[in-house]
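# Turn this into a model:
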Amino acid sequence: MPANTSTATFSQSLSAPCNSRQRRGYWAESRLGGAQEKGDWQFAYTRMFIEREAVNSVFNASDIRQGSNVSQHRAEVFYQALNNVQLAFTGFLGRPLNFGKTTPPENILQRYQFDVIYKF
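Okay, the predicted model is just below:
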């Protein structure tokens, strides 16, 4: 630890201790249809439940609310408008986990995304 000086004071901080009972993580996906040719539709749903110690959160999916300690839903709809143009809509709904308490810590965060994907 660095030494305190007259112009700077240092203190040591610790991260939250590891709770070995929070190491579960579940990720389930389902897809229906396929977006290959003009007029095709595809629907998808993903359910994610990731406890605080389940993953290294910086390496988890970047589109979800947070990398760990989260309950997350993702719904997707794809439409193949042309052979090389696809329209995609994605909805993300999630909130942090709140073990040991009866009320959720926050309201569900809702994020929606619309993409136009050009294939060449």
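
# ok, for Asn107, nearest residue in space, not its chain neighbours?
Arg95 (7.0 Å; CB to CB, 6 or more residues apart in numbering). From N, CA and C alone the C-beta is placed, and that goes for glycine too.

# how near is the one you found to Glu37?
38 Å (CB to CB, to the nearest Å).

# State the distance from Asn69 to Lys101.
13 Å.

# what does the average pLDDT come to for the helix or strand where the residue nearest to Asn107 lies?
Applying DSSP states H and E as the criterion places Arg95 in strand 85-96. Mean pLDDT, computed over strand 85-96, is 94.

# tell me what that strand is packed against?
strand 70-82, strand 109-118 (3 or more CB pairs under 8 Å, 6 or more residues apart in numbering; DSSP states H and E).

# winner for burial among these?
Among the helices and strands packed on strand 85-96, ranked by average contacts under mean count of other CB atoms under 10 Å, first place goes to strand 70-82 (a mean of 18).

# name the helices or strands packed onto that one?
strand 41-50, strand 85-96.

# Please could you give me each C-alpha atom of the last one, formatted as CSV?
Which is strand 85-96. Extracted as CSV, the C-alpha positions of strand 85-96 are listed here (Å, rounded to 0.1, in the frame of the first residue of the first chain):
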residue,chain,number,x,y,z
VAL,A,85,-32.1,-7.2,-46.6
GLN,A,86,-33.3,-8.4,-43.2
LEU,A,87,-35.3,-6.4,-40.6
ALA,A,88,-34.8,-7.3,-37.0
PHE,A,89,-36.5,-6.2,-33.8
THR,A,90,-35.1,-7.1,-30.3
GLY,A,91,-36.6,-6.4,-26.9
PHE,A,92,-34.5,-6.7,-23.7
LEU,A,93,-36.3,-6.8,-20.4
GLY,A,94,-34.3,-7.3,-17.2
ARG,A,95,-33.4,-6.3,-13.7
PRO,A,96,-30.8,-7.2,-11.0
